[in-house]
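In: sequence unknown, structure follows:
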């Protein structure tokens, strides 16, 4: 079952190889962790993974992703690349998931000069619509919420 929707994105091993062999910016974050909670603070879902930036900045790969979902809950997600306040890549979406599962690789790519400066990863509590996200800036060493 395919859980990622394509929105003009290259998904798969060939894109992963191209992005990771091109090199990465030295300060760029190498992993991400997004946690969405109920208003009570109970964790509904968590998405973790690795992130790799091409040397040109025009491709960002999200790999080794794993989604943990609390029993009886469902979460969905979204991935996008930005330059300033302008979305230049994506969105790619993660269909609602009601069980813990590996998530396929996501490639965010752009043809915009200067490339992707920031990758945003968002999780949404499917029933209550609570949201959590991280912003992974190419010039920072860690992603921030």
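Out: Received it, and whenever you're ready, just let me know what you need. The structure presented is a predicted model; accordingly, all values stated were derived computationally and were not measured.

In: Where does the prediction get shaky in the chain?
Out: 1-26 (pLDDT under 70).

In: rerun that using 90 as the cut-off
Out: Across the chain, residues meeting the criterion (pLDDT under 90) sit at 1-29, 39-41, 55, 126-129, 141, 145.

In: Could I get the full set of strands for it?
Out: Assigned by DSSP state E, the chain shows strands spanning 4-5, 31-37, 43-53, 59-69, 75-83, 86-97, 101-103, 106-109, 118-125, 131-137.

In: Can you add distance to residue 144 and give these back as CSV?
Out: Heads up, the C-betas are built off the backbone N, CA and C, glycines and all. Output for the strands of the chain, formatted as CSV (distance: least, Cβ to Cβ, whole Å):
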stretch, distance to residue 144
strand 4-5, 24
strand 31-37, 10
strand 43-53, 13
strand 59-69, 16
strand 75-83, 14
strand 86-97, 18
strand 101-103, 21
strand 106-109, 18
strand 118-125, 10
strand 131-137, 6
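
In: among the ones you listed, which is the most enclosed?
Out: strand 106-109 (a mean of 26; mean count of other Cβ atoms under 10 Å).

In: list the helices and strands it packs on?
Out: Contact analysis of strand 106-109 by 3 or more Cβ pairs under 8 Å, 6 or more residues apart in numbering; DSSP states H and E lists helix 13-21, strand 59-69, strand 75-83, strand 86-97 as its packing neighbours.

In: Now render these as TSV, adding distance to residue 114.
Out: Below are those laid out as TSV (distance: least, Cβ to Cβ, whole Å):
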stretch	distance to residue 114
helix 13-21	17
strand 59-69	13
strand 75-83	6
strand 86-97	9
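
In: do you know which of those lies nearest residue 136?
Out: strand 59-69 (8.0 Å; Cβ to Cβ).

In: which residue packs closest to residue 109, ignoring adjacent ones?
Out: The spatially closest residue to residue 109, leaving aside those adjacent along the chain, is residue 59, at 4.7 Å (Cβ to Cβ, 6 or more residues apart in numbering).

In: Quick check: phi and psi at the residue lying farthest from the centre of the chain.
Out: No residue in the chain sits farther from the centre than residue 40, which is 25.2 Å out by Cα atoms, centre = their mean. When read as degrees, to the nearest 10, the backbone of residue 40 gives phi -80, psi -10.
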